[in-house]
Each structure stands twice: as structure tokens, then as C-alpha cells.
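Visitor: Need the 3D shape of this:
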Amino acid sequence: MRFGAATCESFHSIDLAWLHQRGMLKSWNSTRLTWSWGGEKTGSINILVQPDGLRLRYSFTADSGEKVGIKELVPFVHTATQFGGRRQWLTCIECGWGCRKLYGGRYFRCWQCRGLKYASQSEDPAQRHASRRQDREPDARHVEGHHQGRLGVPAEAPSHALVDLSAAARSV
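Guide: This next block holds a predicted model:
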């Protein structure tokens, strides 16, 4: 891999599909994402889902050492799908493009505005093959979402593994 090229994988990200899969995109739900690396917390963000987008609330430490609070709305944009539905995207506040993931820094923006590349773009074929094999193994990086119900009222955690017991019983 080329040295000095910042990669998407090295930045905190907000992934719309990840939030959707965990039932965290219902209007007025409040979620706190916490990122960690090797067991150490590396960042967190509060997200309030509004009908028109995600309200982000977080802070970062400026070069001067001062803590700076950020509150911004990342609007949703929708595109038509092939069979009459619609797909939801996050709008990059800087360029206006719809995207699935936003990457952190002082502000959460798309990979292009952040100047990032995917790690695989800088790998030779042998490295890419090894990386794919490694991606199937558990990683030291971890994202955790603390789900809350409407307007911050605690809710039951979303189910992560549903098993159709009737199908299992039929196969016995």
C-alpha cells in the first residue's frame, strides 16, 4: 500500500446501511455510535433521526486544544429504484452528492470531499487477495450503537439474529 494516502478504512464513518440493518433509522430515534480500536474508545457521536435527515452532535479537539462542539443536519436524498421503490442516501453537505457512508474528521463528509481512497485501490493483486482473506476474520476495529427509542426514551435493543423455529422443526 502507498504510504501517505489516507484510506476510508482509517476514518470513523457513519454507514446508512449499517444503521438501517439495526433498526436505528426510525424518525425521532436517538442513537449514539462509539468507535474503538484495540479495546480503546476512539470517538463517539450522537445521532437524532429526523424525517428530513440525521442530526449529528459531536465534538472534536481543535489544534489549539479547545473542544469544539458540532451540531449539523445531514439531509436525506432519495433516488428511484428500478421497480418503483426509492432508495435513501445521505447528502454530503460539502458537495451535495448522495452517499451511503460519511467519513469523520472535523466534519462528516463523503470520501471524495475528504480526499480518501479505499485501501484496496493502492494494493497490488497479491495484497488485495490477502486483504480479502483477512477481512473474513474478526477485526480489532469495532463500532457499537446504543439504540434509544423515540425522543431518547430507552427502547429494547433491536434483534440481531432471528431464527425461524418452524422451519428448523420441519427439517428434523
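Visitor: May I have the strands that pair with the longest strand anywhere in the chain, each with its orientation?
Guide: When the chain is parsed with DSSP state E, its longest strand is strand 67-80. Partner strands for strand 67-80, per DSSP bridges, with pairing direction: strand 53-61 (antiparallel), strand 86-91 (antiparallel).
Visitor: May I see the buried residues of the strand or helix carrying Ser36?
Guide: Assigned by DSSP states H and E, Ser36 falls within strand 29-37. For strand 29-37, burial by neighbour count (16 or more other Cβ atoms under 10 Å) applies to 29-31, 33, 35. C-beta coordinates here come from the backbone N, C-alpha and C atoms, glycine included.
Visitor: again with stretch 69-85
Guide: 74, 76.
Visitor: Now that stretch: average pLDDT?
Guide: Across stretch 69-85, the average pLDDT comes to 94.
Visitor: hmm, who's touching it?
Guide: 14, 50, 52-60, 86-91, 93, 98, 102, 106-108 (Cβ atoms under 8 Å, 6 or more residues apart in numbering).
Visitor: repeat that with 10 Å
Guide: If you take Cβ atoms under 10 Å, 6 or more residues apart in numbering as the criterion, stretch 69-85 is touched by 14, 16, 25, 45-60, 86-93, 96-99, 102, 106-109.
Visitor: residue contacts, the closest residue to Arg109 other than its chain neighbours?
Guide: Leaving out its chain neighbours, the residue that sits closest to Arg109 by Cβ to Cβ, 6 or more residues apart in numbering is Glu94, at 5.0 Å. Residues in contact with Glu94, defined by Cβ under 10 Å, 6+ apart, are 107-110, 112-114.
Visitor: who wins for neighbours among those?
Guide: Each of these was scored for neighbours by other Cβ atoms under 10 Å, and Phe108 scores highest at 26 neighbours.
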